[in-house]
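Student: the sequence and its predicted three-dimensional model are supplied below.
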Number of protein chains: 2
Amino acid sequence: MTKPIRLNEQLCFSIYKAQKQFNHFYAQALAKYKLTYPQYITLLSLYEHGTMSVKEVGQALDLDSGTLTPLMKRMEKDGWISRKRSTVDERRVDVSLTEKAEMMRDDIYEHVGSCMTLLNLPEESYVAIKESVDRVDGNLSAIPDESLN
Amino acid sequence: MTKPIRLNEQLCFSIYKAQKQFNHFYAQALAKYKLTYPQYITLLSLYEHGTMSVKEVGQALDLDSGTLTPLMKRMEKDGWISRKRSTVDERRVDVSLTEKAEMMRDDIYEHVGSCMTLLNLPEESYVAIKESVDRVDGNLSAIPDESLN
DNA sequence: GTCGAGATTATTGTACACGATTGAATGGAG
DNA sequence: CTCCATTCAATCGTGTACAATAATCTCGAC
């Protein structure tokens, strides 16, 4: 007598769908800049920390080089960032913002900020939900892979 | 004086990361069945509703045929489902479960169920968080694309 | 000074995800 | 009965994701 698993009662499915909605939301909001969501968070990270190596961006975003290298090549082609091998340590590739990125900074902050108000969630709810999701994330990452065999 | 956007305070980023953690969690939990997460939810949907058209699966999972067609071809090759054109309406392709899928059903329910206990979230929290995430999803989907230009 | 273990980035292969387009099939409106 | 707008699956192009592997580099042991 095994209990069936109903899709619409699964937290993973809710998060899966919410992530896609956010993706769509940002696709619209960022269309005028021709940025995708992963490109946008890469940009945010650089705005926040300044020039970083690919490795450091990967740690900030929880993405590996297999994702970041092609993504950053596209961002370089679109004039958002420049990439060059560090002269100090030639294994590293330093990623820095272009003039264009610096110039667009406030515009992007402001536009995205105003779009976010349309989400229509009171500040306390927003923070509370975020903390809940972070807890789920934390609990998940604490599970050793071997225990799932 | 534009307020900077801090990545680690963004709900979208928390959900983005949690989704990836769930993906990793299910990649481990489903490895013995050689199923990915999207394949697993396709299977769940068929367990729940029986034979469905591609369109109906797409509505249940919020995915389009561009994603589902290749995914289902892989699932067919791996012996989970069979696909055939409806004789009633030849635009439709009916997707049904194989013997193998029916036989594995309880095994999968049980194994995934036991993995879920490792998430270590009390039932009330689980439900409350899920409802919060669903609300965010609902609010997002209510935003008209044009208002984000 | 050279060598090799370990670290770091790039590349490759597989699998989503989705917008846009295509082409076959359907079912009304007239 | 015949157009023709609509529906549906498949296809194509672009862009993530990530595991696995390859290529490159650093630094400490000697």
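Tutor: Thanks, I have the structure now. These numbers come from a predicted model, not from an experiment. Residues are numbered from 1 along each chain as shown, chains lettered A, B, ... in the order given.
Student: only C-alpha atoms for contact and neighbour calcs from this point on.
Tutor: Fine.
Student: which residues does stretch A:22-35 contact?
Tutor: With C-alpha atoms under 8 Å, 6 or more residues apart in numbering or on different chains as the test, stretch A:22-35 has contacts from A:36, A:37, A:111, A:112, A:115, B:12, B:137, B:140, B:145, B:148, B:149.
Student: quick one: mean pLDDT over stretch A:104-120.
Tutor: Stretch A:104-120 shows a mean pLDDT of 95.
Student: for chain A, what lies in contact range of DNA strand C?
Tutor: Residues of chain A lying close to DNA strand C by C-alpha under 7 Å from any atom of the strand are A:20, A:24, A:53, A:54, A:55, A:65, A:66, A:67, A:69, A:91, A:92, A:93.
Student: if you rank those by neighbours, which is first?
Tutor: residue A:54 (20 neighbours; other C-alpha atoms under 10 Å in any protein chain shown).
Student: which of the contacts of stretch A:22-35 lies closest to residue B:119?
Tutor: residue B:12 (21.3 Å; C-alpha to C-alpha).
Student: residues near the nearest residue to residue A:53 once chain neighbours are set aside, how many?
Tutor: Distances taken as C-alpha to C-alpha, 6 or more residues apart in numbering or on different chains put residue A:94 closest to residue A:53, at 4.3 Å, once the chain neighbours are dropped. Neighbour count for residue A:94, taken as other C-alpha under 10 Å: 20.
Student: and what about residue A:94, helix, strand or coil?
Tutor: strand (DSSP: H, G, I helix; E, B strand; the rest coil).
Student: which of the helices or strands spans residue A:107?
Tutor: Using DSSP states H and E, residue A:107 sits in helix A:99-116.
Student: any bit of that helix sitting next to chain B?
Tutor: Yes. Remark: helix A:99-116 sits within contact range of chain B at A:106, A:109, A:110, A:115, by C-alpha under 8 Å from any C-alpha of the partner chain.
Student: I'd like those as TSV, with neighbour count and distance to residue A:3 appended.
Tutor: Formatted as TSV, the residues of helix A:99-116 next to chain B follow (neighbours: other C-alpha atoms under 10 Å in any protein chain shown; distance: C-alpha to C-alpha, whole Å):
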residue	neighbour count	distance to residue A:3
A:106	15	52
A:109	16	47
A:110	16	49
A:115	19	42
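Student: who's in contact with the spatially most central residue of chain A?
Tutor: The residue lying closest to the centre of chain A (C-alpha atoms, centre = their mean) is residue A:41, at 4.1 Å. Applying C-alpha under 8 Å, 6+ apart to residue A:41 gives the contacts A:61, B:7.
Student: checking it next. Helix, strand or coil?
Tutor: Applying three-state DSSP: residue A:41 is helix.
Student: and it, what pLDDT?
Tutor: At residue A:41, the model reports a pLDDT of 97.
Student: and the helix or strand containing residue A:70 with DNA strand D, contact?
Tutor: Using DSSP H and E, residue A:70 sits in helix A:65-77. Yes. For helix A:65-77, a contact with DNA strand D is found by C-alpha under 7 Å from any atom of the strand, at A:65, A:66, A:67, A:70, A:71, A:74.
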